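In: could you look at this predicted model? Sequence included:
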Amino acid sequence: MARYTRLTEPIALITLNNPPVNALSSAVRSGIVDSVSQALKDDQVKAVVFCGENRMFSGGADIKEFSGSMSGPPLVRMIHSIEASEKLMVAAIEGVALGGGLELALGCHYRVANTKARLGLPEVTLGFLPGAGGTQRLPRLTGITAALELITTGRQISAQEALQLGIVDQVTEGNAVQAAMELALSVIGQPLNPRRLSLRPPVWSADVDSVCEVALARVKQHSRGAMAPVACVQAVRAAAMLPYSKGMEKERQLMDTLFRSSQARALQYAFFAQRNAGKWSLPNGARWNNTKARDVQRVGVIGLGTMGRGIAVSLVKAGLSVVALESDAKQLESGKKAVTAMLQRDAQRRGVGSPLHLLTFALSFHQLKDVDLVIEAVFEDMNLKKRVFSDLCKVLRAGTLICTNTSGLNVDELAKVTDRQHLVVGMHFFAPAHVMKLLEVVYGSRSSPEAVAVAMALGKRIQKVCVAVGNCPGFVGNRMLKLYMDQSLYLLEEGATPEQVDQALEEFGFAMGIFKVADLSGLDVGWRVRKASGLIGPDIDPVNPSRWRLGQRYCPLPDMLCQQGRFGQKTGRGWYLYNSPGSKEAKPDPEILNFLEDYRLKYGITPQRISSQEVIERCAFSLANEGFRILEDGIAAGPEDIDVIYLFGYGWPRHRGGPMFYASQVGLSVVLEKMEHYHRIHPDVPSLEPSRLLRRLVAEGSPPIQQWRNHIKNLHSQL
Ligand SMILES: CCCCCCCCCCCCC[C@H](O)CC(=O)SCCNC(=O)CCNC(=O)[C@H](O)C(C)(C)COP(=O)(O)OP(=O)(O)OC[C@H]1O[C@@H](n2cnc3c(N)ncnc32)[C@H](O)[C@@H]1OP(=O)(O)O
């Protein structure tokens, strides 16, 4: 929808009206076409100003329409006729002008932006390119280097930067519509051809080829197999070499290919999955929109190790006041130094004042008496956490929430030692907590909807992507991770090397292979957990450790590495070799190859040739198979939540949507067949057995992922 208003004598205003972001849906495009035609017919009108309802220009094309049959006036043609119009067209940008929204503005003859506006062409993040002339018009304004950077990254820029780059003609602190009208009045009658970007010649320069080569190398290095950034470079290169009409043909060709790609579908799915995660629901019917979250201003953080430091920094950066507690003066001092330095560096980088006044350091629980919520981030030990929880109850006010940053311990067991089980939830941050976007909010069997609402709202306030999950060992992310890690280890036993497994995973698009991640996190962490859980004990022979524990196949390789003091990056040796302790560059270690050969000999394992395909199938399908079990158990509300967790917490490649989306793309019957195949070969690995939900979905014709929730409901109702 677009509203047409005649303003003072010679100006008409066209207001895009499609809340919340004035996306350019078919109805909006029709409204614009009709309004422009009205303005062109009115002899009194000499200029048209475009703006958006609620001081929001436009969030671009309506992404929801891409999955259906597209109808209505095509955006490309609409923008072209705006640019070609004989009447002056001016864009008044407030809020955002993104994607098609910015392309519409680029079709106008002048652009005025409010100082707070943000502009960008984020199409690459959705798996395609600015396909309404953006790849051809933007370079003609900014030059090729800036256009390449903006289009291949999708980065949003401020109005000020847009002014410097020549994307807008004027920036105003006041009302952009008013400023656009004034500008229009001052230029009415001036020739429009110099303002029509499509009439400008290609932006050729002698170094075009090298600039594009450099951009191509950069995107290939960062995109991890994503097609869209490469296509963006090709399209912008066309703007440098070809006249506008030919460049548009190239843009169209590239867009056609990207638009139909599974990568675009995955990225658009990820866009909506991320937004849906905030719309949490609990099995008891409580939901984001029927539960009120009370306000939190003061937060206590207990433990200033790696996790506690990151959590404290995230909270303070969001303007919350924090009391950070440690158990002894030495640890407090080292935590204080680290947190202070992190906050100062961040403030300096962002050019803002230091927020250190929000932070208090404490040694006594009594100093937590006035906080609204506590996040416990002490060592991952149930007894220690229980002690902290019961001590807290002695000092906290009655309504204060107690949250645990455990990465997998039983939240209900912890809640039981408190006097407020309904106010206990998990807030599982990921390391480093001030950088990683994911937060699993874990509800226990007694957690109240209000407590979940408070934790979700707090997470959102500190700019995390929050997903509400149920309580089970490892919750969603780490429960699935265990099976992924198990498969990777079994592959080593069967003949693969760490670098071979990692290479297959990185070619698939993971940010880092699983063995590199393990080295980064520290192999000793899992070792301690396995010791605490009874998997390793005095009855295990350290020289010839059993490959069978608690009734199933067990791989002792990581324990054997830890016995050798190989803890990963921190000791300079783990699955890989590092130049020195703490160094990050992983190099294959011949000692590991010998170690694996000796191990296989010792246990009579004949090494097999493992293909990359097998690595991906066993790792990715195992993840999805456990994801189905998580859905059966009601631990996650839907497959989208699982995918968001893997996208934001575990480096799953975004252009593959997430493990559940990937399974749906490959085909559920294929996944089922492969799981049956691998389970037949490895009957000693129960987790390879296809889950009931997977079988059931296949039996019911493999419905699209958006319908899985209905099948899960049916599954529960028959239990
Ligand atoms: C068959 C073969 C054919 C081949 C050829 C096809 C040719 C087709 C030609 C097409 C031409 C292409 C044109 C153009 O180049 C393409 C585009 O413009 S794509 C869209 C680009 N825009 C974006 O990526 C912006 C996305 N949105 C955002 O970044 C943010 O939403 C925001 C605008 C910055 C606002 O952020 P917030 O305030 O935080 O709000 P939310 O993010 O929570 O969003 C609120 C609400 O709005 C929904 N929404 C946001 N943007 C869009 C959108 N562009 N379309 C539809 N819906 C959108 C979002 O989902 C939220 O919904 P809710 O969760 O509240 O239901």
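Out: Now that the structure is in, tell me what you want to look at.
In: C-alpha only now, for contacts and for neighbours.
Out: Noted.
In: from the middle of its chain, how far away would stretch 465-477 be?
Out: A distance of 16 Å separates the centroid of the chain from that of stretch 465-477, by CA atoms, centre = their mean, to the nearest Å.
In: in it, what counts as buried?
Out: Of all the residues in stretch 465-477, those buried under the rule 16 or more other CA atoms under 10 Å are 465-472, 474-477.
In: got it, and stretch 11-29?
Out: The neighbour-count check on stretch 11-29 (16+ other CA under 10 Å) flags 11-18, 21-29 as buried.
In: CA-only coordinates of it in PDB, if you can.
Out: Below are the C-alpha coordinates for stretch 11-29, written out as PDB (Å, rounded to 0.1, in the frame of the first residue of the first chain):
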ATOM      1  CA  ILE A  11       4.800  18.500  -4.700                       C
ATOM      2  CA  ALA A  12       3.100  15.100  -4.200                       C
ATOM      3  CA  LEU A  13       4.100  12.800  -1.400                       C
ATOM      4  CA  ILE A  14       4.000   9.000  -1.800                       C
ATOM      5  CA  THR A  15       4.100   7.200   1.600                       C
ATOM      6  CA  LEU A  16       5.000   3.500   1.600                       C
ATOM      7  CA  ASN A  17       2.700   1.900   4.100                       C
ATOM      8  CA  ASN A  18       3.300  -1.700   5.100                       C
ATOM      9  CA  PRO A  19       4.200  -2.000   8.700                       C
ATOM     10  CA  PRO A  20       6.500  -2.900  10.400                       C
ATOM     11  CA  VAL A  21       9.300  -2.200   7.900                       C
ATOM     12  CA  ASN A  22       7.300  -1.000   4.800                       C
ATOM     13  CA  ALA A  23       8.500  -4.000   2.800                       C
ATOM     14  CA  LEU A  24       7.900  -3.500  -1.000                       C
ATOM     15  CA  SER A  25       5.200  -6.200  -1.300                       C
ATOM     16  CA  SER A  26       3.100  -6.600  -4.400                       C
ATOM     17  CA  ALA A  27       0.400  -4.300  -2.900                       C
ATOM     18  CA  VAL A  28       3.000  -1.600  -2.100                       C
ATOM     19  CA  ARG A  29       4.500  -1.800  -5.600                       C
END
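In: near the ligand, anything from it?
Out: Yes: contact between stretch 11-29 and the ligand is present through 20-21, 23 (criterion: CA under 6 Å from any ligand atom).
In: mind giving me a markdown table with those and columns for distance to residue 253?
Out: Listed next are the residues of stretch 11-29 next to the ligand as a markdown table, based on distance: CA to CA, whole Å:
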| residue | distance to residue 253 |
| --- | --- |
| 20 | 31 |
| 21 | 28 |
| 23 | 24 |
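In: on that earlier part again, and of the buried residues of stretch 465-477, the nearest to the ligand?
Out: residue 465 (11.3 Å; CA to the nearest ligand atom).
In: what's the spacing between that closest one and residue 431?
Out: For residue 465, the distance to residue 431 equals 14 Å [CA to CA, to the nearest Å].
In: got it, and residue 603?
Out: Here residue 603 is placed at a distance of 36 Å from residue 431 (CA to CA).
In: wait, residue 180 touches residue 89, no?
Out: No: at 9.8 Å, residue 180 does not count as touching residue 89 under the criterion of CA atoms under 8 Å.
In: the buried residues of stretch 11-29 in strands, which ones?
Out: 11-16 (DSSP state E).
In: any chance of these in a markdown table, plus pLDDT and distance to residue 644?
Out: As requested, these are exported to a markdown table (pLDDT from 0 to 100; distance: CA to CA, whole Å):
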| residue | pLDDT | distance to residue 644 |
| --- | --- | --- |
| 11 | 97 | 47 |
| 12 | 97 | 44 |
| 13 | 98 | 41 |
| 14 | 98 | 38 |
| 15 | 98 | 35 |
| 16 | 98 | 32 |
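In: quick one: which of those is nearest the ligand?
Out: Closest to the ligand, out of all of these and judged by CA to the nearest ligand atom, is residue 16, at 13.2 Å.
In: wouldn't the closest one be in contact with residue 53 here?
Out: Yes: the criterion here is CA under 8 Å, and residue 16 meets it with residue 53 at 5.9 Å.
In: now do the same end-to-end measure for stretch 514-529.
Out: End to end - CA to CA - stretch 514-529 spans 18 Å.
In: ignore what I typed, I meant stretch 65-73.
Out: Start and end residues of stretch 65-73 are separated by 13 Å (CA to CA).
In: residues contacting it, please?
Out: Stretch 65-73 has contacts (CA atoms under 8 Å, 6 or more residues apart in numbering) with 25-27, 29-30, 33.
In: cool, stretch 553-561 as well?
Out: With CA under 8 Å, 6+ apart as the criterion, stretch 553-561 contacts 486, 489-490, 493, 523, 527, 542, 545-548, 567, 574, 684-685.
In: residue ranges for the helices of the stretch 1-150 of the chain, please.
Out: Ranges of helices in the stretch 1-150 of the chain, per DSSP state H, counting those that start in this stretch, are 26-41, 75-84, 100-107, 134-142, 144-153.
In: angle of the third one against helix 134-142?
Out: When you say that, I think you mean helix 100-107. For helix 100-107 against helix 134-142, the angle between stretch directions is 50 degrees (axes from the mean of the first three to the mean of the last three CA atoms, to 10 degrees).
In: check the offset of helix 100-107 from the chain's centre.
Out: Distance, centroid of helix 100-107 to centroid of chain: 26 Å (CA atoms, centre = their mean).
In: how about stretch 107-119?
Out: Centroid separation for stretch 107-119 versus its chain: 28 Å, with CA atoms, centre = their mean.
In: so for that stretch, mean pLDDT?
Out: Taken as a whole, stretch 107-119 has a mean pLDDT of 98.
In: endpoints of that stretch, how far apart?
Out: Terminal residues of stretch 107-119 are spaced 15 Å apart (CA to CA).
In: buried residues in that stretch?
Out: For stretch 107-119, burial by neighbour count (16+ other CA under 10 Å) applies to 107-119.
In: part of a helix, is residue 466?
Out: No: counting by DSSP: H, G, I helix; E, B strand; the rest coil, residue 466 is not part of a helix but strand.
In: that one contacts residue 459, doesn't it?
Out: Yes: between residue 466 and residue 459 a contact is recorded at 6.1 Å, counting by CA under 8 Å.
In: residues shared between the contacts of the two?
Out: Jointly contacting residue 466 and residue 459 under the rule CA under 8 Å, 6+ apart are residue 439.
In: what's the neighbour count on residue 304?
Out: Residues within reach of residue 304, counting by other CA atoms under 10 Å, total 28.
In: now it: how far from the ligand?
Out: With distances taken as CA to the nearest ligand atom, to the nearest Å, residue 304 is found 31 Å from the ligand.
In: does that residue sit in a helix or strand, and which one?
Out: Assigned by DSSP states H and E, residue 304 falls within no helix or strand.
In: and the closest residue to residue 468 other than its chain neighbours, which helix or strand is it part of?
Out: Spatially, and ignoring its direct neighbours in sequence, residue 468 is nearest to residue 441 (4.7 Å; CA to CA, 6 or more residues apart in numbering). Using DSSP H and E, residue 441 sits within strand 438-443.
In: can you show me the CA trace of that strand as PDB?
Out: What follows is strand 438-443, C-alpha atoms only, in PDB (Å, rounded to 0.1, in the frame of the first residue of the first chain):
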ATOM      1  CA  LEU A 438      23.800 -17.400  21.000                       C
ATOM      2  CA  LEU A 439      22.000 -17.800  24.400                       C
ATOM      3  CA  GLU A 440      20.100 -20.900  25.300                       C
ATOM      4  CA  VAL A 441      17.500 -20.100  28.000                       C
ATOM      5  CA  VAL A 442      16.900 -23.400  29.800                       C
ATOM      6  CA  TYR A 443      13.600 -23.900  31.500                       C
END
